[in-house]
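Participant: Here is a sequence with its predicted model. Questions after.
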Amino acid sequence: MPLARDSDLPMRRRGVVPVALFVGLLFAPLVSVAAPAPVTAPPIAPMPSASPTVGAGLAGAGPASSVSVDETAAPEVTPAKRTLGGWNELWSEVGKTSADLRIALAEIERAEAATRIAWGGALPTVNASATLTHIPGGGSGSASFQPANTNALQMQISAVQPLINLRAWHAIGTARELEDIAALSIHDVRRRLALGLAKAAVGIASAQRLAELNRIGLDAARDRLLLTRKRLAAGVGDARDLVRALQDVAAARAVIASADEQLVQAREALAQLLVIPGDLGLAQDEAALEKEIQTFCGGKAPSGAPRIDVVIAEKQIDIAKRNVDDIALKFVPTLTAQMSANASGLAFSGPFATGWSISGVLTIPLYDGGVRYGERRDREAQVEEAEARAVQTKVGALIEMSQARRAISVAEAAETSAREARDLAKEADRLARLAYAAGIGTNFDLIDAGRLLRQSETQLVLRELDTARARLSLPFVEGSCAGVTQ
């Protein structure tokens, strides 16, 4: 096909234009084109400009300019009424004031007294009696016609010696077993007291550090407030920066009172443990306390040795079984020898008529209405209970010791993470301060970095508390501390 020449183009355009005009006239009645309305832009509020002075920066802030907080430094930590030097002084105080230890010592006395009582069933019994009878002259009543006053005296001495009494000798053995249990119990009481003292001492040291740390955080917040005011005085920032800095100071001060109360409660818990009114402080930190406790505990117990409470629980099984045997010995006959001597006559003048007798008494228990059978069933049930408690005590001790060993590694890992987070927060706070002082960073970054630093410092102190508590508790939980058995 030959190419179209330029002279042909006007003819083609003339053919297309009439067709377009025809189509437009045909659809014109169906389409109404409205004229576009003029667009009006909404009024734009002027952006707040940097104020040249602090007063100008607060002028548009409204009521916020009248808000104020306490910007003074926090008071010093209130000292305890009495402060103990360290663990040795703390432990020596236990023997003087602890109610649990006094009760345990009293239980030993009771066990020894019970043993002495049990011996009474096997040793002889000797009794003496004297009876003086006065009969007035002229008779006493209507049945006597004595011419003068008379005084009759009758004297008697008797002795009883058990010859065969298996139940009495069995009771002596049971009492000795109970005496051994009482002696072991005082060691277990000392172990639990030492565990409680260690936890209370660590709690005081950590609460003391936390209270001091909160005051350092408040001082840092006051420094940030001063830096914010300096920037506002230089014409950088607005009222919102000042409000955020004041909020930071208020938040830092808000935790001081509660932390101080926790410190007081920790001191009171130690005083309550020692049964001393008031509150007790401790002059050592966690590290010094741990060294002193390690010296106090000395060498560890042999590997695989059961804990004292487990030994006591197993001995309770033996006691329960001996109580069953005690009921069985009620069916065994007893043989007792009895001797008596007497003298009677006129008092102070005589003559006296004397006499004596020796007898042997064989007692055969035949039937008591079924009391012994009921007692035997009761004692057998007590054996089952003692065995169940022994298993429960043993399993509980094993789990407690296993948890105490794992708690050290878990607490150390948490402390490492908390220290890393604290170091990062400390560096972020330092960079935020430098940037804000140089006019680069914002007030929001400065306040947020300080808040995160306070939180990370608190978390680090708490994790250090967990680590110290786990380390100091382990020898007492395992029962391997030699100091509590001395």
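Facilitator: Yep, it's here. A quick note: this is a predicted structure, and the numbers were derived from the prediction, not measured. Numbering: from 1, shown residues only.
Participant: Please, where are all the strands along the stretch 251-400 of the chain?
Facilitator: Under the criterion DSSP state E, counting those that start in this stretch, the stretch 251-400 of the chain contains strands at 280-282, 334-346, 352-363.
Participant: Could you tell me how many residues sit around Ala287?
Facilitator: 11 (other CB atoms under 10 Å). For every residue, glycine as well, the C-beta is placed using N, CA and C.
Participant: Now do the contacts for it.
Facilitator: Counting by CB atoms under 8 Å, 6 or more residues apart in numbering, Ala287 touches no other residue.
Participant: Against Ala205, how distant is it?
Facilitator: Taking CB to CB, to the nearest Å as the measure, Ala287 falls 9 Å from Ala205.
Participant: Could you tell me how far stretch 211-222 lies from the centre of the chain?
Facilitator: How far stretch 211-222 lies from its chain's middle: 28 Å, per CA atoms, centre = their mean, to the nearest Å.
Participant: Check stretch 283-295 too.
Facilitator: Remark: stretch 283-295 is offset 20 Å from the chain centroid, using CA atoms, centre = their mean.
Participant: I'd like the average pLDDT over that stretch.
Facilitator: Per-residue pLDDT over stretch 283-295 has a mean of 84.
Participant: what does stretch 87-98 give?
Facilitator: Average pLDDT, stretch 87-98: 86.
Participant: Out of the strands of the stretch 251-400 of the chain, which is the most enclosed?
Facilitator: Here the criterion is mean neighbour count by mean count of other CB atoms under 10 Å, and of these the winner is strand 280-282, at a mean of 23.
Participant: Any chance you could list what contacts it?
Facilitator: Residues outside strand 280-282 that contact it (CB under 8 Å, 6+ apart): 79-84, 86, 90, 201, 204-205, 267, 270-271, 274, 289.
Participant: where exactly do the strands run in the stretch 101-250 of the chain?
Facilitator: All strands of the stretch 101-250 of the chain, identified by DSSP E, counting those that start in this stretch, fall at 125-135, 150-164.
Participant: Single out the most deeply packed of those.
Facilitator: Comparing the strands of the stretch 101-250 of the chain by mean neighbour count (mean count of other CB under 10 Å), strand 150-164 ranks first with a mean of 15.
Participant: May I have it as PDB, with CA atoms only?
Facilitator: Taking Å, rounded to 0.1, in the frame of the first residue of the first chain, the C-alpha atoms of strand 150-164 are listed here in PDB:
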ATOM      1  CA  THR A 150      -5.100 -43.100 175.500                       C
ATOM      2  CA  ASN A 151      -3.000 -42.600 172.400                       C
ATOM      3  CA  ALA A 152      -2.600 -45.500 170.000                       C
ATOM      4  CA  LEU A 153       0.200 -45.500 167.400                       C
ATOM      5  CA  GLN A 154       0.500 -47.700 164.300                       C
ATOM      6  CA  MET A 155       3.500 -47.600 161.900                       C
ATOM      7  CA  GLN A 156       4.000 -49.400 158.600                       C
ATOM      8  CA  ILE A 157       6.700 -49.500 155.900                       C
ATOM      9  CA  SER A 158       6.100 -51.300 152.600                       C
ATOM     10  CA  ALA A 159       8.100 -51.900 149.500                       C
ATOM     11  CA  VAL A 160       7.100 -53.100 146.000                       C
ATOM     12  CA  GLN A 161       9.600 -54.400 143.500                       C
ATOM     13  CA  PRO A 162       8.600 -55.400 140.000                       C
ATOM     14  CA  LEU A 163      10.300 -58.700 139.100                       C
ATOM     15  CA  ILE A 164       8.900 -59.300 135.600                       C
END
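Participant: same for it, what does it pack against?
Facilitator: Counting by 3 or more CB pairs under 8 Å, 6 or more residues apart in numbering; DSSP states H and E, the packing neighbours recorded for strand 150-164 are strand 125-135, strand 334-346.
Participant: ok, back up a step: please convert the strands of the stretch 101-250 of the chain to TSV, extending it with mean pLDDT and distance to Asp466.
Facilitator: Converted to TSV, the strands of the stretch 101-250 of the chain look like this (pLDDT from 0 to 100; distance: least, CB to CB, whole Å):
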stretch	mean pLDDT	distance to Asp466
strand 125-135	90	63
strand 150-164	91	62
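Participant: Can you lay out the ones you listed as TSV showing distance to Pro306?
Facilitator: TSV is the format used below for those (distance: least, CB to CB, whole Å):
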stretch	distance to Pro306
strand 125-135	42
strand 150-164	39
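Participant: just so I know, which of the strands of the stretch 251-400 of the chain lies nearest Ala432?
Facilitator: Ala432 lies closest to strand 280-282 among the strands of the stretch 251-400 of the chain, at 36.6 Å (CB to CB).
Participant: SS state for Pro79?
Facilitator: Following DSSP: H, G, I helix; E, B strand; the rest coil, Pro79 is assigned to coil.
Participant: one step back: can you pick out the most distant pair from the contacts of strand 280-282?
Facilitator: Once CB to CB is applied, those give Lys81 and Leu289 as the farthest pair, at 20.4 Å.
Participant: what residues are up against the closest residue in space to Glu112 that isn't next to it in sequence?
Facilitator: Nearest non-adjacent residue to Glu112, counting by CB to CB, 6 or more residues apart in numbering: Glu179, 6.0 Å away. Listed by CB under 8 Å, 6+ apart, the contact set of Glu179 reads 108, 111-112, 114-115.
Participant: Would you quantify the distance from Glu179 to Arg167?
Facilitator: Where Arg167 is concerned, Glu179 sits at a distance of 19 Å (CB to CB).
Participant: which one is Arg267 nearest to, not counting chain neighbours?
Facilitator: Arg267's closest residue in space is Asp279 (CB to CB, 6+ apart), at 3.6 Å.
Participant: Could you measure from the one you found over to Leu472?
Facilitator: 21 Å.
Participant: Between Lys81 and Leu289, tell me which one has more neighbours.
Facilitator: Leu289 (23 against 13).
Participant: and the more buried one, what does it touch?
Facilitator: Neighbours of Leu289 in contact, by CB under 8 Å, 6+ apart: 86-87, 198, 201-202, 205, 282, 468, 472.
Participant: just these now: which is nearest Ala390?
Facilitator: Ranked by distance to Ala390 (CB to CB), those are led by Ala198 at 27.1 Å.
Participant: Setting aside sequence neighbours, what's the nearest residue to the closest one?
Facilitator: Leaving out its chain neighbours, the residue that sits closest to Ala198 by CB to CB, 6+ apart is Leu472, at 4.3 Å.
Participant: For that neighbour, give me phi and psi.
Facilitator: When read as degrees, to the nearest 10, the backbone of Leu472 gives phi -70, psi -30.
Participant: can you give me the helices in this structure?
Facilitator: For the chain, the helices defined by DSSP state H occupy 9-27, 54-59, 87-97, 99-119, 166-233, 239-273, 286-297, 308-328, 371-437, 443-478.
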